[in-house]
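Novice: Got a sequence here, can you model it:
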Amino acid sequence: MFKNICWAQKLFALMIVALFIVTISGCGNKGDLYLPDAKSSASKSNTTDTVKPPKKH
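Specialist: Numbering: from 1, shown residues only. Predicted coordinates:
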């Protein structure tokens, strides 16, 4: 069935599959994107507490 496939075509197909897997896996983070406020980033340098992400709905 796949006897006549060139090595370049196999490599191309492998690259497409690898790109698909990386794309659907993402970085492992789930939930909404969390961006801290500008105010909290300025005061963060003076405090030792941590910024907690918003609760999921």
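
Novice: Can you pull the phi/psi pair for the residue nearest to residue 53 when sequence neighbours are not counted?
Specialist: With sequence-adjacent residues excluded and distances taken as Cβ to Cβ, 6 or more residues apart in numbering, residue 53 is closest to residue 34, at 4.5 Å. For glycine as for every other residue, the C-beta is placed from the backbone atoms N, C-alpha and C. The phi/psi pair for residue 34 (degrees, to the nearest 10) reads phi -110, psi 120.

Novice: now residue 34: how far from residue 26?
Specialist: Separation of residue 34 from residue 26 (Cβ to Cβ, to the nearest Å): 15 Å.

Novice: what do you get for residue 3?
Specialist: Taken as Cβ to Cβ, the span from residue 3 to residue 26 is 37 Å.

Novice: Where does residue 5 sit: helix, strand or coil?
Specialist: Three-state call for residue 5 (DSSP: H, G, I helix; E, B strand; the rest coil): coil.

Novice: how about it, what does it touch?
Specialist: Residue 5 sits next to no residue when contact means Cβ atoms under 8 Å, 6 or more residues apart in numbering.

Novice: What distance do you get for it to residue 13?
Specialist: To residue 13, residue 5 is 8 Å away according to Cβ to Cβ.

Novice: Could you do residue 7 as well?
Specialist: Remark: distance between residue 7 and residue 13 (Cβ to Cβ) = 11 Å.

Novice: quick one: which of the two has more around it?
Specialist: Taking other Cβ atoms under 10 Å, residue 7 and residue 13 do not tie; residue 13 has more neighbours (12 against 7).

Novice: what's the average pLDDT for the helix or strand that one falls within?
Specialist: Using DSSP states H and E, residue 13 falls within helix 7-25. For helix 7-25, mean pLDDT is 90.

Novice: What is it packed up against?
Specialist: Helices and strands touching helix 7-25, by 3 or more Cβ pairs under 8 Å, 6 or more residues apart in numbering; DSSP states H and E: there are none.
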